[in-house]
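> Sharing a sequence plus its predicted fold:
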Amino acid sequence: MTSLGPAWPERAAWGTAPSLRAWQSAALSDYLTRNPRDYLAVATPGAGKTTFALTVASELLGRRIVDRLIIVAPTEHLKMQWAEAAARAGIPIDPTYAAGKGKISSDYVGVAVTYAGVGVNPLALRIRTERFRTLVILDEIHHAGDSLSWGEGVREAFEPAARRLALTGTPFRSDINPIPFVTYAPGPDGVPASVADYTYGYAEALADHVVRPVLFLAYSGQMQWRTRAGDEVVASLGDPLTKDMTSQALRTALDPKGSWMPSVLAAADKRLSEVRRHVPDAGGLVIASDQEHARAYAKLLRAITGEGATVVLSDEKASSKKISEFSAGDSRWMVAVRMVSEGVDVPRLAVGVWATTTSTPLFFAQAVGRFVRARTRGEIASVFLPSAPNLLTFAAELEKQRDHVLKRKVSSDDDIFAAENDLLAAANAGDAASDDLDSLPFEALGSEARFDHAVYDGAQFGHEGEVKVGSEEEMDFLGIPGLLEPGQVRALLQQRQADRRKPKQETAAERPADSLADVTTHEHLALLRRELNGLVGSWHHRTNQPHGVIHASLRKECGGPAAAVANAEQLQKRIDRIREWAVRKSS
């Protein structure tokens with residue numbers, strides 16, 4: 001290996017060390033004490049992994065343990081973001097380097113590359129790594145396990161590195177590809193799982209006021225679509241449905257030509273206005289499925305707000321510049337497909353709208369991570385979600401920690417993970433492919449939105465039954481102040497739920513027959529479904545049983561299909577049965 005020699009600056013020239021948070025200081029002390037070749041730091045999004053890693057780099061460079069630095073990031077934009085952060089730390093990095101480029105300016109201490117770039121030409125990076133004592137920072141290291149070529153490329157390129165510092169802020173998944181340079185140990189079930197050297201989770205960061213609490217606002221409503229066979233289906237988003245029906249209900253809700261998206265965007269903008277009363281530069285982000293939807297949502301936002309939205313598309317050369325300008329400005333809304341799903345630093349983002357069909361734990365954690373970075377104590381992040389069962393589960397389990405598990409059997413979610421990362425690689429190559437992972441043919445016919453409930457700190461809060469958009473009950477949640485301590489948020493939600501519980505409504509069975517004479521079959525079924533959903537919600541709050549489990553128990557006892565396709569008699573039987581449960585529990 002070649003040393004840089006005495007011409008290189010002494011440690012003092014590497015810039016003034018930033019003021020470190022408690023977890024960063026503890027992790028740095030642990031790292032310097034152990035002096036490892038490989039180190040895996042897992043820290044929740046927004047906690048400050050970049051600052052920690054660059055502090056380690058500064059220490060190692062200053063002590064002449066390493067001479068050069070290579071940073072590997074998931075996207076082109078993140079390469080630029082790392083280079084800017086490194087420059088502030090006094091470490092000049094070339095973000096334009098491409099494998100095989102050869103020499104770089106002597107003004108630079110290192111380079112930034114993408115995982116896709118490493119996979120294309122690992123040999124060139126191996127030669128560069130071998131020439132000097134090199135520290136390799138692997139940002140979001142789980143990407144090295146996404147593709148066999150990426151993982152092999154990372155292993156080949158950086159096997160000779162003097163030091164390797166791996167970082168991640170999102171949950172790993174189960175697959176058969178071990179992530180290079182990550183230690184595995186048998187878990188309780190004997191299956192190997194990743195072992196982190198230092199972990200700093202969302203719950204810890206929230207307690208330390210390092211990240212914001214997240215208030216999830218879930219919206220349901222009735223969806224109507226036509227299947228490939230020509231059948232018209234009417235179902236409520238959030239009802240227990242088959243996998244295909246849930247997918248089609250979600251896509252119907254996200255159709256910009258329906259009523260659901262305009263209603264939810266208008267509600268999100270009201271929430272943003274409330275937050276901006278306390279945080280004037282707060283911004284909002286809509287995460288779209290594909291470019292066509294992103295542009296359509298931007299038009300809806302202009303109609304709602306009278307102000308244009310920043311649209312960020314993966315194949316545009318100006319995408320990084322757009323993100324930077326939005327981050328530095330005070331405009332209201334940005335709409336993006338994938339560019340801001342992971343690692344992108346826009347601290348003023350405070351309100352989000354989930355408008356994508358991608359729904360995996362990894363992507364969810366990445367996306368929600370864009371909203372949690374704390375600037376001022378008391379800031380709250382608000383994320384608007386469709387009431388899809390898996391999304392609500394992810395929201396309730398935001399604090400759950402996951403390791404990388406080496407299982408031979410790969411779940412359907414993991415198949416989607418692989419597809420996501422194929423799309424990520426395509427985006428880095430400039431491919432404008434759609435991000436819609438669900439190709440089931442169908443035609444959206446119409447949709448309406450209803451406020452369902454809020455999820456905060458793993459608990460649900462809401463009125464009994466769905467709430468009309470634009471109502472006072474909805475504003476109970478949209479109008480929550482933008483600056484509150486986590487405990488104050490929970491107390492306010494509990495108080496508002498207690499103060500504004502809806503009075504008990506008479507059931508269809510209790511109404512006189514002539515009062516139903518002018519009600520259409522469609523309206524009658526919708527009324528029964530709404531009543532059933534309200535009772536299921538109440539039973540959930542009494543028992544903590546998931547909504548899906550309650551619906552399944554009712555179907556088992558009363559018979560019949562899912563509520564979305566059940567007839568009036570079957571729905572009424574379930575309503576009567578759950579009321580019997582309530583009476584028995586009270587007696």
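Structure's in. What do you need?
> what separates residue 66 from residue 32, distance-wise?
Counting by C-beta to C-beta, to the nearest Å, the separation of residue 66 from residue 32 is 13 Å. Just so you know, the C-beta spots here come from the backbone N, C-alpha and C atoms, and that holds for glycine as well.
> Which other helices and strands does the lengthiest helix in the chain contact?
For the chain, the helix reaching the highest residue count under DSSP state H is reported as helix 521-543. When contacts are defined as 3 or more C-beta pairs under 8 Å, 6 or more residues apart in numbering; DSSP states H and E, helix 521-543 packs onto strand 232-237, strand 459-461, helix 547-558, helix 568-586.
> Spit out the contact partners of residue 390.
With contacts taken as C-beta atoms under 8 Å, 6 or more residues apart in numbering, residue 390 has the following neighbours: residue 359.
> Would you mind giving the secondary structure of it?
Each residue gets one of three states, and residue 390 gets helix by DSSP: H, G, I helix; E, B strand; the rest coil.
> ditto for residue 377
With three-state DSSP as the basis, the three-state label of residue 377 is coil.
> With neighbour numbers in mind, choose between residue 66 and residue 32.
Remark: of residue 66 and residue 32, residue 66 carries more neighbours, 23 against 13, as counted by other C-beta atoms under 10 Å.
> How far does stretch 447-467 stretch from one end to the other?
This stretch, stretch 447-467, spans 15 Å end to end (C-alpha to C-alpha, to the nearest Å).
> Now do the buried residues in that stretch.
Of the residues in stretch 447-467, those buried by neighbour count under the rule 16 or more other C-beta atoms under 10 Å are 447-457, 460-467.
> And for stretch 484-498?
Buried positions in stretch 484-498, judged by neighbour count with 16+ other C-beta under 10 Å: 484, 486, 489-490, 492-493, 496-497.
> Tell me how many other residues crowd residue 473.
The local packing of residue 473 (other C-beta under 10 Å) involves 18 other residues.
> Secondary structure element for it, which one?
Residue 473 is part of helix 472-478 when elements are defined by DSSP states H and E.
> What helices and strands are in contact with that helix?
strand 214-227, helix 260-278, strand 450-456, strand 467-468, helix 486-499.
> Which residue ranges of the stretch 301-450 of the chain form helices?
Assigned by DSSP state H, counting those that start in this stretch, the stretch 301-450 of the chain shows helices spanning 319-328, 361-368, 389-396, 412-428.
> Same check on the stretch 1-150 of the chain?
22-34, 49-62, 76-88, 115-120, 122-131, 148-158.
> Could you export those as CSV, including distance to residue 297 and mean pLDDT?
Formatted as CSV, the entries for the helices of the stretch 1-150 of the chain read as follows, by distance: least, C-beta to C-beta, whole Å; pLDDT from 0 to 100:
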stretch, distance to residue 297, mean pLDDT
helix 22-34, 37, 96
helix 49-62, 30, 96
helix 76-88, 21, 91
helix 115-120, 28, 90
helix 122-131, 39, 93
helix 148-158, 31, 87
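> between these, which gets nearest to residue 323?
Distances from residue 323 to each of the helices of the stretch 1-150 of the chain were compared using C-beta to C-beta; the minimum, 6.5 Å, belongs to helix 76-88.
> Name the residues of that closest one that are buried.
If you call a residue buried by 16+ other C-beta under 10 Å, then helix 76-88 has these buried ones: 76-83, 85-86.
> What are the contacting residues of that helix?
15, 50-51, 54, 57, 69, 71, 73, 92-95, 110, 112-114, 137, 139, 319-320, 323, 339, 342-345, 428.
> ditto for stretch 551-571
The contact list for stretch 551-571 (C-beta under 8 Å, 6+ apart) reads 233-236, 239-242, 245, 508, 521, 524-525, 528-529, 532-533, 536, 573-574, 577-578.
> what about 10 Å?
In this structure, residues lying in contact with stretch 551-571 by C-beta atoms under 10 Å, 6 or more residues apart in numbering are 222-223, 233-242, 245-246, 249, 508, 521, 524-525, 527-529, 531-533, 535-536, 539, 545-546, 572-578, 580-581.
> Just the buried residues out of those, in PyMOL syntax.
Taking 16+ other C-beta under 10 Å as the burial criterion, the selection of buried members of the contacts of stretch 551-571 in PyMOL is written as:
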select buried, resi 222+223+233+234+235+236+237+238+239+240+241+245+246+249+508+525+527+528+529+531+532+533+535+536+539+546+572+573+574+575+578+581
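> I'd like the helices and strands packed on helix 472-478 as CSV, with distance to residue 131 and mean pLDDT appended.
As requested, the helices and strands packed on helix 472-478 are exported to CSV (distance: least, C-beta to C-beta, whole Å; pLDDT from 0 to 100):
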stretch, distance to residue 131, mean pLDDT
strand 214-227, 45, 92
helix 260-278, 50, 95
strand 450-456, 52, 91
strand 467-468, 64, 84
helix 486-499, 50, 80
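> How many neighbouring residues does the nearest residue to residue 275 once chain neighbours are set aside have?
Counting by C-beta to C-beta, 6 or more residues apart in numbering, the nearest residue to residue 275 once its immediate chain neighbours are dropped is residue 482, at 3.6 Å. Residues within reach of residue 482, counting by other C-beta under 10 Å, total 23.
> Quick check: residue 482 vs residue 376, distance?
In this structure, residue 482 lies at 10 Å from residue 376, with C-beta to C-beta as the measure.
> Now do the shared contacts for the two.
Jointly contacting residue 482 and residue 376 under the rule C-beta under 10 Å, 6+ apart are 278-279.
> What subset of the contacts of helix 76-88 is buried?
Neighbour counting by 16+ other C-beta under 10 Å classes 50-51, 54, 57, 69, 71, 73, 93-95, 110, 112-114, 137, 139, 319-320, 323, 339, 342-345, 428 among those as buried.
> Give me the pLDDT for residue 364.
At residue 364 the predicted local confidence, pLDDT, stands at 86.
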